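In: Pasted the sequence and its predicted model underneath.
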Amino acid sequence: MPPTSIDISMPLRTGMAAFPGDPAVRIERVRSTDRGDPYNLSSIAMGTHTGTHVDPPVHFVPGGRTVDALDLEVLNGPCRVVDVGDVDRIGPGELAGRLDGVERLLLKSRNSPRWAREPTFFSDYVALTAEGAASLPAAVRLVGIDALSIETDPSGRFPVHHQLLGRGTLILEGLLLGAAAPGDYRLRCLPLRIEGGDGAPVRALLDPI
């Protein structure tokens, strides 16, 4: 039997975890065969950075590329899952010597098992530091993480987002990497084609190489 793809995207559901301040997710059945309607139909209300989603440059960079204008090749291709271990923050030391030849990097931390236990938002998530972002090789075109934000920044200046998006590196947030062992895969990831979008939910899969 051939190797099975690993779905690393969050299911969308009413009341799912959302980053504080983001719109809550509401999925409502507005037509239902159980109520005598001839078909089922639902409405969805949510933010553009719901669940597993991509941050394009325009999320923080005025005049930056929007989600519908992204090069989809950046979101699809060989990638590496790096397990950073039991750390509070991901800095240069957790990344050193592990990124040779990497264009797409997915960071797996202790956030991943927590999602299985705590499907609600937790504020003490593991994140990438500004120093860690600055240490990434120029060849890295995409960075993903198993948190709803790639950084924690009480100051509200968001240096990691500015560093990565400012240099054109895309960000994937809200990944579920619990089933993905460290190593190399092929990433398949397609965002919703939202015209002028500052972000979009994605369906993301890892295929064994």
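Out: That came through fine.

In: was I right about residue 6 contacting residue 188?
Out: No: contact criterion Cβ atoms under 8 Å: residue 6 and residue 188 do not qualify, at 10.4 Å. All C-beta spots, glycine's among them, are computed from the backbone N, C-alpha and C.

In: any residues in contact with both of the two?
Out: Counting by Cβ atoms under 8 Å, 6 or more residues apart in numbering, the residues touching both residue 6 and residue 188 are 205-207.

In: buried subset of the residues you listed?
Out: 205-206 (16 or more other Cβ atoms under 10 Å).

In: Columns distance to residue 130 on top of the shared contacts of residue 6 and residue 188, output as CSV?
Out: Below are the shared contacts of residue 6 and residue 188 laid out as CSV (distance: Cβ to Cβ, whole Å):
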residue, distance to residue 130
205, 30
206, 27
207, 32
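
In: Just name the closest of the shared contacts of residue 6 and residue 188 to residue 71, please.
Out: Residue 71 has its nearest neighbour among those in residue 205, at 18.8 Å by Cβ to Cβ.

In: Which element, helix or strand, includes that closest one?
Out: Assigned by DSSP states H and E, residue 205 belongs to strand 200-208.

In: can you name the farthest residue from the center of the chain?
Out: Relative to the centre of the chain, the most outlying C-alpha is that of residue 36, 39.0 Å out, by Cα atoms, centre = their mean.

In: Does residue 178 touch residue 117 like I think?
Out: No: using Cβ under 8 Å, residue 178 makes no contact with residue 117, being 10.3 Å away.

In: Looking at these two, which is more packed in?
Out: The residue with more neighbours, out of residue 178 and residue 117, is residue 178; 15 against 7, by other Cβ atoms under 10 Å.
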